[in-house]
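**Student:** Pasting the sequence and the predicted model now:
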Amino acid sequence: MDEKESIQSEARPETRLQKSIKSIRGALRWVLVTVLAFGLGALIIAVALYVPTWQKLHKANATLTENTDQITTLQTGKETLQKNLDSVTLHMYVLKTLAGVRGASLAVVADDYAGARLCLIQASEALDTLSGLLGTDQKDVLSAMQQSAAQALTEVKTDLKSAQPDLDQLTKNLVQLEANLFPNP
């Protein structure tokens, strides 16, 4: 019987506390497995959904940066083209004025009152346009040219040949203005 007692004492029945601890351990294991499963699921969702979205966002930002750089380049090019256009327009009106004055001079030599008057009127209109295109530092010179053109137009009406000195001076001033504004390379 000693053996039976020793076997029974070794295989003692579990107490309630031991049973509770075992069941709590089992429950904790299942809770831990469940939490790990949810964590793994969340990680899979993050990898499956958020990483591609982040990559798309990164690509969109790169495209946006590239487009912004392109817009900046285009704006700089536009500003350069606008400056060139303004310069060409200014040069065109200087040459138009000069052509009008030279035409009037040729008409004076040919004793063509109507031609001289028409050319001077066109030159005066071009000078008025130039007045709006030139900077303030050129306004005085342009004002003097406008007065010379008006004087030449008055002289053409009274004595055609008397306008020639004013026309020559106006031609010289316009050639000088062109040289100052558009120096030859």
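**Tutor:** Looks like it came in fine. Since we're looking at a predicted model, the values are computed, not measured.
**Student:** where along the protein do the helices fall?
**Tutor:** 2-10, 16-45, 51-109, 113-133, 139-158, 164-181 (DSSP state H).
**Student:** can you list those in TSV and add mean neighbour count and mean pLDDT?
**Tutor:** C-betas here are computed from N, CA, C, even on glycine. Shown next, in TSV, are the helices of the chain (neighbours: other Cβ atoms under 10 Å; pLDDT from 0 to 100):
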stretch	mean neighbour count	mean pLDDT
helix 2-10	8	54
helix 16-45	10	86
helix 51-109	13	92
helix 113-133	18	91
helix 139-158	17	87
helix 164-181	17	91
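**Student:** wait, isn't Thr89 in contact with Leu133?
**Tutor:** Yes. With contacts counted by Cβ atoms under 8 Å, Thr89 reaches Leu133, the gap being 6.8 Å.
**Student:** Please work out which residues outside stretch 137-147 touch it.
**Tutor:** Outside stretch 137-147, the residues that touch it by Cβ atoms under 8 Å, 6 or more residues apart in numbering are 97, 124, 127-128, 130-131, 134, 170, 173-174, 177, 181.
**Student:** Among those residues, which one sits closest to Leu153?
**Tutor:** Nearest to Leu153, judged by Cβ to Cβ, of those is Ser124 at 7.0 Å.
**Student:** Thr72 versus that closest one, what's the distance?
**Tutor:** Ser124 sits 43 Å away from Thr72, going by Cβ to Cβ, to the nearest Å.
**Student:** hang on, the earlier thing: select, from the contacts of stretch 137-147, the two members most distant in space.
**Tutor:** Maximum distance among the contacts of stretch 137-147 (Cβ to Cβ): 19.4 Å, for Ser124 and Leu181.
**Student:** rewinding a little: from the contacts of stretch 137-147, pick the one nearest Asn84.
**Tutor:** So of those, ranked by how close each gets to Asn84 (Cβ to Cβ), first place is Leu181, at 13.9 Å.
**Student:** Tell me how far the closest one lies from Leu142.
**Tutor:** As judged by Cβ to Cβ, Leu181 and Leu142 stand 11 Å apart.
**Student:** try Ile44
**Tutor:** For Ile44, the distance to Leu142 - Cβ to Cβ - is 78 Å.
**Student:** just Leu127 next, same as before
**Tutor:** Using Cβ to Cβ, Leu127 is found at 7 Å from Leu142.
**Student:** next one: Arg25
**Tutor:** Computed as Cβ to Cβ, the Arg25 to Leu142 distance reads 101 Å.
**Student:** do the same with Ile24
**Tutor:** Counting by Cβ to Cβ, the separation of Ile24 from Leu142 is 101 Å.
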